[in-house]
Structure formats: C-alpha cells, structure tokens
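Asks: Structure for the following, please:
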Amino acid sequence: MEFPNDGGLVFCQSVIYGFGYDETSDDYKVMRLVQFFAGEDDSWRSEVKVYSLKNDSWKRVPDCPYYLCYKPSYGMLASGALHWVVNPKAESDTTNLILAFDIGVEEYRLVPQPDFSDKNFHMNVGVLGGCLTILCIHNNFRLDVWVMKEYGVKESWMKLYSVQPLGYIRLVAYSKSGEEVLLEKNKCLAWYDIKNSKRVKNVKIQGAPDWFEASICWGSLVPLGGNQGEE
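Replies: Here you go, the predicted model:
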C-alpha cells in the first residue's frame, strides 16, 4: 500500500475488495481499492490493484475516479463487472452514480440509470438472479427495487416492487417459482412475496448464529487453480 505523499495529513479511510471470474482470460481476479482521505480540505485519493490467480501477482491499475459512498462495501459482480455507488466529490450528499469496474479490460465506466420520477432518495446496488439491481430508499418511508434486465441498456430497467423500509435490507435470490425474493434484513432472512400478497415471511435456520451474512454459491467444475496442473 502506497500512501500519497503530498505534504498534507493523510489517513487510510477504507480498504474495499471485489472478486470475480474473467471469462475473456479464464482467470479469477481480486480487486483491492484503498481510499485515502485528507481531513483538512475534504480531498481524497485512491489506490487500486488487481490480483490475478493465473499470474499469481498483483498489479496497479488506474485509480478510481470517484468517491465511494458506503464503506465497507464489497463490489457487486454482474455481467463481468464490479459495481459501487459513488459520488464525484467526497462532501456531496447526493448518491446518484453507479460505477462499474470491468474485470476483463480493467476499466471504469458509469452505468445508465432509469428515469426516476422522484430523485430524493439514497441508493445502493445489489445483484438478483444475475442482474444488477438498485435499491432506492425514499426518506425511510418507501423502498423501491429496480432490476436491469439487459445489462448496460437503460431502457431495460424495471421496477420490481415498492415496500415500506424494513431496516437494513439486501436482496439475495429469487425462489424457484420466481414469485418470492429472499431478503437479508437486519441480519435475518425473510421471503418477500412479489407476486401476490406482498407478505414478508421470516426464515428460521436451526443453529444459525445471531450475526451472519448470506451469499450465493454457484456450483462449478472449474478449479480455482485454472489450468496450472495441466501439462
């Protein structure tokens, strides 16, 4: 980790990671983003490195051009890119940009958003069924969930549902029928019926710890070592 040397008081504000599979190079990659903050003038710097499992090495890539809004927050992987909610400036209170880091070409880009009728909200991103999602919290009285059906196409955004906020919430997965969504809310799991009753049903897991985080595990026959063992 290389601390900026510009003569001011600088401290490491956050270290954030993202992980994904790069289909173009048949490689697993880890992205590490470090943000440094100078409290005197609200300025900030970043350092970004990418680890390649195939090469077993880290390399420096271009610095992140935006300020991450929520820390700690690992990158949301969808369509070969890691995603975060960002701002152009650290002091801004408007969270209306979605930054994508393409792990194949190792470049940044902004993701187009739907035309919101009401822009007075705080936003976060997630992944549901392999699709990028937006969670919009309107002054703690309404939560809108949007899904991007075709990645990168602005017109493909669809509002999935709107509910009263349930505290901290994260989308985990669809049910097999597609009529329910599994939510992680306040460190608990619950099914939300998006088709019929709009009812929330808590999920009890015998022996589960009081604090946990749910993740999706995709089955694969591809070893993490890639083709290293082949002659």
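Asks: going forward, measure contacts and count neighbours with C-alpha atoms only.
Replies: Noted.
Asks: burial of Tyr174, as a residue count?
Replies: Using other Cα atoms under 10 Å, the number of residues around Tyr174 comes to 17.
Asks: My guess is it contacts Ala190. True?
Replies: No: in this structure, Tyr174 is not within contact of Ala190 by Cα atoms under 8 Å, at 11.6 Å.
Asks: what is in contact with the two at once?
Replies: Listed as contacting both Tyr174 and Ala190 by Cα atoms under 8 Å, 6 or more residues apart in numbering are Leu182.
Asks: list the buried ones in stretch 20-29?
Replies: In terms of neighbour count (16 or more other Cα atoms under 10 Å), stretch 20-29 has its buried residues at 20-22, 27-29.
Asks: quick check: mean pLDDT across it?
Replies: Averaged across stretch 20-29, the pLDDT comes to 91.
Asks: Which residues does that stretch contact?
Replies: 19, 30, 50-54, 77, 80-82, 103-104, 224, 226.
Asks: how far does it stretch from start to finish?
Replies: End-to-end distance of stretch 20-29 (Cα to Cα, to the nearest Å): 6 Å.
Asks: Quick one, which of the contacts of stretch 20-29 has the minimum pLDDT?
Replies: Gly226 (51).
Asks: Before we move on, what's the pLDDT of the most centrally placed residue in the chain?
Replies: Nearest residue to the geometric centre of the chain (Cα atoms, centre = their mean): Met76, 2.8 Å. The score at Met76 is 90. That number is its pLDDT.
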